[in-house]
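Novice: build me a model from this:
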Amino acid sequence: YDMLATADAVARRTPHLFSLEMWGGATFDTAMRFLHEDPWRRLRLLREKIPNICFQMLFRGSNAVGYSNYPDNAVAGFVKHAAEAGMDIFRVFDSLNDLGNMKAAMEAVQATHGICEGALCYTGDILDPTRTKYSQIPCVSCTASIAAFMLPRSLSESNTRKISMPASAACFTKPDTTFAG
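Specialist: Model prediction:
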């Protein structure tokens, strides 16, 4: 519960933050199996201490926060419970960009107060008009994880074209990757 010890200071000293990452990857599982904590309790306690900053999470589509696919009603139930416990922003993705695996989670988020961000694992031009299936994501914004070989120049050039929803790019690089500007 080290995060709880600093929660009051975070709320007072960083009120300008848009959001704090609460869950993603294996944090839900890690809290239970290795820290022997209740991740739901932790979320509720943090929400009490930090009411002024949005909480966000990375959500694995039909995998939720687990390692295998779950039925749509289980995914929807998890989203509903997470929103009620204090989660505000759900960044939903599927490792294979299978929109069918993302749909139940996104629809469940839209039934709450939460914000749905559809996240794509993508190594190409997200603005390519021939890639129409990515325009059908039912979310407020789209976050694209761009592969390491995409240069910042190509990203900034592609941002000058119009898109129909807010978009952001998270660039993940290998430690030995350098960018030429």
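
Novice: spit out the contact partners of Glu84.
Specialist: Thr112 (C-beta atoms under 8 Å, 6 or more residues apart in numbering). Every C-beta, even on glycine, is put in place using the N, C-alpha and C of the backbone.

Novice: quick one: which helix or strand includes it?
Specialist: helix 72-85 (DSSP states H and E).

Novice: what comes up buried for that helix?
Specialist: Within helix 72-85, the residues that count as buried by 16 or more other C-beta atoms under 10 Å are 75-76, 78-79, 82-83, 85.

Novice: tabulate these (CSV), appending pLDDT and distance to Arg42.
Specialist: Output for those, formatted as CSV (pLDDT from 0 to 100; distance: C-beta to C-beta, whole Å):
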residue, pLDDT, distance to Arg42
Val75, 96, 21
Ala76, 97, 22
Phe78, 96, 16
Val79, 97, 18
Ala82, 97, 12
Ala83, 97, 16
Ala85, 96, 9
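
Novice: closest one to Leu46 out of those residues, please.
Specialist: Lowest distance from Leu46 to the buried residues of helix 72-85 (C-beta to C-beta) belongs to Ala85, with 9.6 Å.

Novice: got a pLDDT number for Ala147?
Specialist: Turning to Ala147, the model gives it a pLDDT of 37.

Novice: please apply the same query to Ala11.
Specialist: The score at Ala11 is 96. That number is its pLDDT.

Novice: secondary structure element for it, which one?
Specialist: Judged by DSSP H and E, Ala11 forms part of helix 2-13.

Novice: let me see the mean pLDDT of the helix or strand harbouring Glu107.
Specialist: Assigned by DSSP H and E, Glu107 belongs to helix 99-110. Across helix 99-110, the average pLDDT comes to 92.

Novice: what is the top strand by length along the chain packed up against?
Specialist: Scanning the chain for the longest strand, with DSSP state E as the assignment, gives strand 115-122. Packing partners of strand 115-122 (3 or more C-beta pairs under 8 Å, 6 or more residues apart in numbering; DSSP states H and E): strand 89-93, helix 99-110, strand 141-146.

Novice: next, format these as CSV and append distance to Thr14 and mean neighbour count.
Specialist: Listed next are the helices and strands packed on strand 115-122 as CSV, based on distance: least, C-beta to C-beta, whole Å; neighbours: other C-beta atoms under 10 Å:
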stretch, distance to Thr14, mean neighbour count
strand 89-93, 17, 24
helix 99-110, 25, 20
strand 141-146, 22, 19
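
Novice: to Gly24, which of the ones you listed lies closest?
Specialist: The nearest among these, by C-beta to C-beta, is strand 89-93 at 7.7 Å.

Novice: ok, that closest one: who's next to it in the sheet?
Specialist: Under the criterion DSSP bridges, strand 89-93 sits next to strand 54-59 (parallel), strand 115-122 (parallel) in its sheet.
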